[in-house]
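Novice: pasting a predicted model and its sequence here:
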Amino acid sequence: MVSHEEEKELKKELAKYKRKVVELAGVVHDIVEDTIWTDYVKLPKLGEDINTAMKEVIAFQEKHPYLK
């Protein structure tokens with residue numbers, strides 16, 4: 001069992017992982033909305049980065065299921 005303070009810190013850490021995914025998704029959104037004709041080549045790498053970041057979120061949540 002983790003203390004209230006430890007849980008608070010873990011929630012902050014989880015939020016950082018999630019924020020990374022959202023930021024990457026935002027970049028994809030901006031490309032699709034504004035610069036698809038010139039920046040489409042960036043999409044495969046961004047997709048890989050999102051996949052990696054999501055795996056980190058899922059792994060963290062599996063390690064700390066009480067944070068869900």
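Specialist: That came in fine, so what should we check first?

Novice: residue 2 in helix, strand or coil?
Specialist: Three-state assignment for residue 2 (DSSP: H, G, I helix; E, B strand; the rest coil): coil.

Novice: below-threshold pLDDT in this protein: ranges please.
Specialist: In the predicted model, the chain carries pLDDT under 70 at residues 68.

Novice: and the residue nearest to the spatial centre of it, how far from residue 4?
Specialist: Residue closest to the average C-alpha location in the chain (Cα atoms, centre = their mean): residue 21, at 2.2 Å. Per Cβ to Cβ, to the nearest Å, residue 21 is found 26 Å from residue 4. All C-beta spots, glycine's among them, are computed from the backbone N, C-alpha and C.

Novice: any idea how far the host helix or strand of residue 36 is from the chain center?
Specialist: Assigned by DSSP states H and E, residue 36 belongs to helix 36-39. Relative to the chain's own centre, helix 36-39 is displaced by 23 Å; criterion: Cα atoms, centre = their mean, to the nearest Å.

Novice: how far away is residue 28 from residue 49?
Specialist: Distance, residue 28 to residue 49, by Cβ to Cβ: 10 Å.

Novice: same question, residue 27
Specialist: Per Cβ to Cβ, residue 27 is found 9 Å from residue 49.

Novice: now residue 13
Specialist: Computed as Cβ to Cβ, the residue 13 to residue 49 distance reads 19 Å.

Novice: again, but for residue 58
Specialist: As for residue 58, its distance to residue 49 is 15 Å (criterion: Cβ to Cβ).

Novice: neighbour-wise, which of these two wins?
Specialist: Higher neighbour count among residue 58 and residue 49: residue 49, with 16 against 11, using other Cβ atoms under 10 Å.

Novice: my read: the more buried one touches residue 21, true?
Specialist: No. The pair residue 49 / residue 21 is not scored as a contact, 9.2 Å apart, by Cβ atoms under 8 Å.

Novice: OK, contacts around residue 42?
Specialist: Contacts for residue 42 (Cβ atoms under 8 Å, 6 or more residues apart in numbering) come out as 27, 31.

Novice: host element of the residue nearest to the centre of the chain?
Specialist: Assigning secondary structure by DSSP H and E places residue 21 in helix 4-30.
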